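In: Provided below for reference: sequence and predicted model.
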Amino acid sequence: MTASFPPRSMLYVPGDKPRAMDKARTLGADAVILDLEDAVAPEHKAAARENVREALRTPWPCPVLVRVNGTGTPWEHEDREMALLAGVHGLVLPKVEDAGTVRDLHLRVPLWAMIETPAGVLNAAAIAAAPGVAGLLVGANDLARALRCRPHPERLPLLHALESVVLAARAHGKHPVDAVFNDVRDAAGFARECVQGRTLGFGGKTVIHPAQVPAANEAFGVSDEEAQAARDLLAAWTAARAEGKSVATFAGALVEQMHADEAQDIVNLWEATRPRA
Ligand SMILES: CC(C)(COP(=O)(O)OP(=O)(O)OC[C@H]1O[C@@H](n2cnc3c(N)ncnc32)[C@H](O)[C@@H]1OP(=O)(O)O)[C@@H](O)C(=O)NCCC(=O)NCCSC(=O)C[C@H](O)C(=O)O
Ligand SMILES: [Mg+2]
């Protein structure tokens, strides 16, 4: 994963769907997660691993991660060995519940820990602090099942967990990535959940369908207008500082160094994610 910007969209692709893996190369996701875990039935695990090995032989237009089967499953070692030998950009570890699981792996690729159990949520800060962890991914399907909570349009039952993941990741300079949205035909619902996730502080969202990629990139990206407003704020701040002022106003609002830093982050993200000519 390039460190230049957080992944706005991370597309899960089941390892037992070679056609979907081919298509994933063309969809413009910031990252792809080739899945060997819950999207692949037990009887297809070995074939999926070979499909992923084959898919990793050719270059991808974006960082490619592999979600391996978890610790204690029959497939964990062969999955990790294949992925590491194939040269993935990172490993997605499912159902991580404590930092020891991550620390004991001593792997040389970035790890993206899935927080999708109550224990994982309670230990999210220690997991985020573990060396080698690049980000935390929320697994809302597994988490909701474990919590025995009910679906809610604003995800009220999950809000504490979502905010815990953002807090833990941000506290340790890691990327928090929001959960998937299951209804692949509900574009409006997906867009609403993206707005909620960005409002909570997530830097991006895991997605499960091609139609969700552009919407996630837009929701977690920076528009030309937002980038221009940020540049205008930076210009006003530079002028104020040149006059020796410690604070300024822009468009009627207070501007301090932190606001200028935030504006620079916005411009940097716009630069890093705008389509290349
Ligand atoms: C959800 C789906 C099963 C829907 O599949 P389908 O009905 O086939 O979709 P479409 O007919 O609309 O497909 C249109 C074309 O798009 C391709 N496609 C579909 N999904 C993907 C994908 N993820 N990546 C790439 N390409 C995709 C189809 O092949 C069609 O292509 P073509 O025939 O060439 O036109 C399906 O979307 C799917 O399987 N999604 C991924 C599911 C998945 O990965 N699940 C695991 C992650 S979710 C999870 O568990 C997270 C966490 O652990 C938790 O606990 O919450
Ligand atoms: Mg899960």
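Out: Great, that's in hand. Ligands and ions are numbered 1, 2, ... in the order given.
In: going forward, measure contacts between C-alpha atoms and count neighbours the same way
Out: Will do.
In: Near ligand 1, which residues of the stretch 101-250 of the chain are found?
Out: Contact residues (CA under 6 Å from any ligand atom) of the stretch 101-250 of the chain with ligand 1: 139, 140, 141, 142, 180, 208, 209, 210.
In: Which residue, neighbours along the chain excluded, lies closest to the first one?
Out: Across the structure, with CA to CA, 6 or more residues apart in numbering as the measure, the residue nearest residue 139 apart from its sequence neighbours is residue 116 (4.4 Å).
In: With distance to ligand 2 and neighbour count added, can I get the residues of the stretch 101-250 of the chain next to ligand 1 in TSV?
Out: Formatted as TSV, those follow (distance: CA to the ion, whole Å; neighbours: other CA atoms under 10 Å):
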residue	distance to ligand 2	neighbour count
139	5	21
140	7	22
141	6	15
142	5	17
180	10	24
208	12	20
209	16	19
210	19	19
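In: Quick check: the most far-flung residue of the chain relative to its centre vs ligand 1, distance?
Out: Here the chain reaches farthest from its C-alpha mean at residue 243, the gap being 41.2 Å by CA atoms, centre = their mean. Remark: distance between residue 243 and ligand 1 (CA to the nearest ligand atom, to the nearest Å) = 52 Å.
In: What ranges does the stretch 1-150 of the chain have for its helices?
Out: 18-24, 45-55, 76-86, 99-103, 118-122, 124-129, 140-147 (DSSP state H, counting those that start in this stretch).
In: can you tell me which of the ones you listed the model trusts least?
Out: Mean pLDDT is lowest for helix 99-103 among these, at a mean of 90.
In: for that helix, packing partners?
Out: Contact analysis of helix 99-103 by 3 or more CA pairs under 8 Å, 6 or more residues apart in numbering; DSSP states H and E lists helix 124-129 as its packing neighbours.
In: buried set for the helix it packs on?
Out: For helix 124-129, burial by neighbour count (16 or more other CA atoms under 10 Å) applies to 124, 125, 126, 127, 128, 129.
In: Quick check: the residue nearest to residue 139 touching residue 138?
Out: Yes - the pair residue 116 / residue 138 is scored as a contact, 5.9 Å apart, by CA atoms under 8 Å.
In: Okay, buried residues for the helix or strand encompassing residue 195 please.
Out: Counting by DSSP states H and E, the element that carries residue 195 is helix 187-200. Judged by neighbour count (16+ other CA under 10 Å), helix 187-200 contains these buried residues: 189, 190, 191, 193, 194, 195, 196, 197, 198.
In: Mean neighbour count, the helices of the stretch 1-150 of the chain: which tops it?
Out: With neighbours defined as mean count of other CA atoms under 10 Å, these peak in mean count at helix 124-129, which reaches a mean of 24.
In: who does that helix touch, helix- and strand-wise?
Out: Checking 3+ CA pairs under 8 Å, 6+ apart, helix 124-129 ends up next to helix 99-103, strand 133-138, helix 159-171.
In: Columns distance to ligand 2 on top of those, output as CSV?
Out: Shown next, in CSV, are the helices and strands packed on helix 124-129 (distance: least, CA to the ion, whole Å):
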stretch, distance to ligand 2
helix 99-103, 17
strand 133-138, 8
helix 159-171, 14
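In: Around ligand 2, pick out the residues from the stretch 1-150 of the chain.
Out: By CA under 5 Å from the ion, the part of the stretch 1-150 of the chain that sits against ligand 2 consists of 139, 142.
In: and the chain, what are its domains?
Out: 9-219, 224-273 (automatic domain parsing).
In: right, so these: which one is the most enclosed?
Out: domain 9-219 (a mean of 19).
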